[in-house]
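J.: Next input, structure requested:
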Amino acid sequence: MAMSMGNESGAPMCDINTTPLIDVMLVLLVTLIVTLPIMTHAVKLDMPQTNQPPPPPDQRPEVIDLEIDFDGTIVWNGTVVPNIETLEGFFRTESAKDPQPEIHLRPDRRALYDTVARVMAAAQRNRMKRIGFVNTGEFKE
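T.: The predicted structure is shown next:
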């Protein structure tokens, strides 16, 4: 490797030091390479079509309060359900309605997970689509 220390006449060198320019260019290139995949990531959205009719007015579905006590007792809108088979009959009746009612499931915090899972499985087997957990414990005094 040869290094130039000026010319023979002793005049100073007037060349530009390009090493810092190359360093900056490499940093910018690496930044571009790293951020490019992030910028090309697209989110697919299903936008409503303009030629479709407007949605029907907001119709509130019927609400079914389904409580599960700590001892496994299942309560359907204030009525005690004797067993899972009776509960499945209720689910079959309600799933045939249009619009399908919402089930607000309120398990006691001491209720067994097995009981809650069996109730949810019975609702799923009978094609209940609107099931949600409701917590009213924080509003009790």
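
J.: any idea how far the nearest residue to residue 133 once chain neighbours are set aside is from residue 59?
T.: For residue 133, ignoring the flanking residues on the chain, the nearest one in space by CB to CB, 6 or more residues apart in numbering is residue 105 at 5.3 Å. Just so you know, the C-beta spots here come from the backbone N, C-alpha and C atoms, and that holds for glycine as well. Counting by CB to CB, to the nearest Å, the gap from residue 105 to residue 59 is 22 Å.

J.: Residue 13 now?
T.: Computed as CB to CB, the residue 13 to residue 59 distance reads 84 Å.

J.: neighbour-wise, which of the two wins?
T.: residue 13 (10 against 6; other CB atoms under 10 Å).

J.: Run through the bridge partners of the residue nearest to residue 133.
T.: The bridge-partner assignment for residue 105, based on DSSP bridges, gives residue 66, residue 133.

J.: Could you measure from it over to residue 89?
T.: 18 Å.

J.: just residue 21 next, same as before
T.: 80 Å.

J.: Compare the two and say which one has the larger neighbour count.
T.: residue 89 (13 against 10).

J.: pLDDT of the helix or strand hosting the more buried one, averaged?
T.: Here residue 89 sits within helix 84-95, counting by DSSP states H and E. Mean pLDDT, computed over helix 84-95, is 93.

J.: And it, what's buried?
T.: Residues of helix 84-95 classed as buried by neighbour count (16 or more other CB atoms under 10 Å): 87, 88, 90, 91, 94, 95.

J.: Between these, which sits nearest residue 64?
T.: Nearest to residue 64 out of those is residue 94 (CB to CB; 6.7 Å).

J.: Verify the contact between the closest one and residue 100 for me.
T.: Yes: using CB atoms under 8 Å, residue 94 is in contact with residue 100, at 7.0 Å.

J.: For the chain, give me the ranges with low pLDDT.
T.: Residue ranges of the chain with pLDDT under 70: 1-8, 38-41, 136-141.

J.: try 90 this time
T.: 1-20, 32-61, 97-99, 109, 130, 132-141 (pLDDT under 90).

J.: now the helices: where do they sit in it?
T.: 19-40, 84-95, 113-125 (DSSP state H).
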